[in-house]
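In: Output the structure for:
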Amino acid sequence: MIKFPDLLDKKILITGASRGIGREIAKSLASQGAHVLFNHRGDEAKANELKAEFEKIGGKASPLHFDVTNGQQIKTAVDAFVKEHGNIEGLVNNAGISKDQLLMRLKEEDLNSVIDTNLKGAILVTQALSRGFMRTPGASIVNVSSVVGLMGNPGQCAYSASKAGLIGFTKTVAKELAAKKVRANAICPGFIQTDMTDKLDEKVKENYLGVIPLKEFGKTDDVSNLVCFLLSNASAYITGEVIKIDGGLYI
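Out: Purely as a prediction, here's the structure:
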């Protein structure tokens, strides 16, 4: 693992850090010695388990109680942390859900929940941190989009729309905050191996492999390594970019 010295003690909030890619990103940041902040929705026992896990790896960790779809909860939690510890210096908007269904069968409540979590949530969290970021030159935002936000995918109209929206949001934020030396970038993972994808039928996985030029699935640390780079000063002249991690799937 590449070390980024400036991430040491850097206060970075990551949403959706309880599982999958988000958890691996949080663990990578902890191994860099960062102060990892993560949100939870009220399960104190689970939050304390995560805190202990991240701190055992080498970083500091602080759970924040908020739902990404609740603007007031976000503001209250962020303001309380900043008052005690100072401005947050990095953000990874990773929280996301999927309600896969063909357009004709998509339920309105499923559409709302996907857009609210994946897109509105990222906007609300970024908004809550934006004033502090403007007083923190070198702050960096990483939005976790998806390759399907670029290319679409049958049965994922709500998910792909939310992830495409994240890309437009990223570019706008990059332009709005650039004068204060705050950066925003988006990453677009392809098929990344997680506990969730491991449960897929073998035939489904074979079909995916057939269209990936590198003929293998990505690993969670492929994603977390890139996120650490984008949060660090090593990427100080990169903003408004959309970076694919897909083994060539989008070629």
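In: I'd like to know the phi and psi angles of the nearest residue to residue 41 once chain neighbours are set aside, please.
Out: Leaving out its chain neighbours, the residue that sits closest to residue 41 by C-beta to C-beta, 6 or more residues apart in numbering is residue 67, at 5.1 Å. Backbone N, C-alpha and C define where each C-beta goes, glycine included. According to degrees, to the nearest 10, the main-chain angles of residue 67 amount to phi -100, psi 130.
In: residues near residue 67, how many?
Out: Counted with other C-beta atoms under 10 Å, the neighbours of residue 67 add up to 19.
In: and the strand or helix carrying residue 49, what other elements does it pack with?
Out: Mapping residue 49 onto the secondary structure by DSSP states H and E places it in helix 44-57. Helices and strands touching helix 44-57, by 3 or more C-beta pairs under 8 Å, 6 or more residues apart in numbering; DSSP states H and E, are helix 20-31, strand 35-40, strand 60-65.
In: out of these, nearest to residue 202?
Out: Among those, helix 20-31 comes nearest to residue 202, with 20.3 Å by C-beta to C-beta.
In: Go through the closest one and flag the buried ones.
Out: 20-31 (16 or more other C-beta atoms under 10 Å).
In: List the contacts of stretch 210-219.
Out: By C-beta atoms under 8 Å, 6 or more residues apart in numbering, the surrounding residues in contact with stretch 210-219 are 189-193, 197, 205, 208-209, 245-249, 251.
In: thinking again about what came up before, what are the buried residues along the helix holding residue 49?
Out: Buried residues in helix 44-57, counted by 16+ other C-beta under 10 Å: 47, 50-51, 54, 57.
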